[in-house]
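Colleague: No letters, just coordinates:
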């Protein structure tokens with residue numbers, strides 16, 4: 001009788017599923033402010049990411065400001081293309 005190592009069995013179960021992606025987006029809020037929001041999504045397609053971040057909000061002075069426009073999205077470790085987004089990403093606390 002031959003035993004299969006648990007690592008092989010567990011690896012097979014994990015390889016078939018989709019992995020979550022850490023995404024950050026530069027967005028415009030209802031009050032006109034632009035901020036960087038981040039989140040994890042199982043579906044990293046552009047439409048799914050846009051939809052996820054469109055439903056988010058950001059607290060400004062005790063009021064939740066809804067996202068009105070998603071300007072740019074990318075993987076967490078990547079650098080934004082627009083200069084404004086790069087600057088906001090560098091100074092914004094998270």
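Modeller: Here it is on my side, so go on. Just so you know, these numbers come straight off a predicted model, no measurement behind them. Residues are numbered from 1 along each chain as shown.

Colleague: Show me what the strand ranked longest in the chain is packed against.
Modeller: In the chain, ranked by residue count with DSSP state E as the criterion, the top strand is strand 63-75. Of the remaining helices and strands, those touching strand 63-75 by 3 or more Cβ pairs under 8 Å, 6 or more residues apart in numbering; DSSP states H and E are strand 21-29, helix 46-54, strand 57-60. All C-beta atoms are positioned from the backbone trio N, CA, C, and that covers glycine.

Colleague: Could you identify which of the ones you listed is most buried?
Modeller: Most buried of the helices and strands packed on strand 63-75 by mean neighbour count (mean count of other Cβ atoms under 10 Å) is strand 21-29; its value is a mean of 19.

Colleague: List the residues that contact residue 26.
Modeller: Residue 26 makes contact with 34-36, 70-73, 80, 82, 84-85, 88-89 under the criterion Cβ atoms under 8 Å, 6 or more residues apart in numbering.

Colleague: nope, residue 55 is what I meant
Modeller: Each residue near residue 55 by Cβ under 8 Å, 6+ apart is listed here: residue 67.

Colleague: Name whatever forms a beta bridge with the residue nearest to the spatial centre of the chain.
Modeller: By Cα atoms, centre = their mean, the chain has its centre lying nearest to residue 23, at 2.3 Å. Beta-bridge partners of residue 23, counted by DSSP bridges, are residue 39, residue 75.

Colleague: try the one 4 residues further on
Modeller: Under the criterion DSSP bridges, residue 27 forms beta bridges with residue 35, residue 70.

Colleague: And it, how far from residue 83?
Modeller: When distances are taken as Cβ to Cβ, to the nearest Å, residue 27 and residue 83 turn out to be 16 Å apart.

Colleague: go on, residue 19?
Modeller: For residue 19, the distance to residue 83 equals 31 Å [Cβ to Cβ].

Colleague: thinking again about what came up before, could the contacts of residue 26 go into TSV alongside distance to residue 44?
Modeller: Converted to TSV, the contacts of residue 26 look like this (distance: Cβ to Cβ, whole Å):
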residue	distance to residue 44
34	22
35	21
36	17
70	14
71	18
72	15
73	9
80	17
82	20
84	24
85	19
88	22
89	19
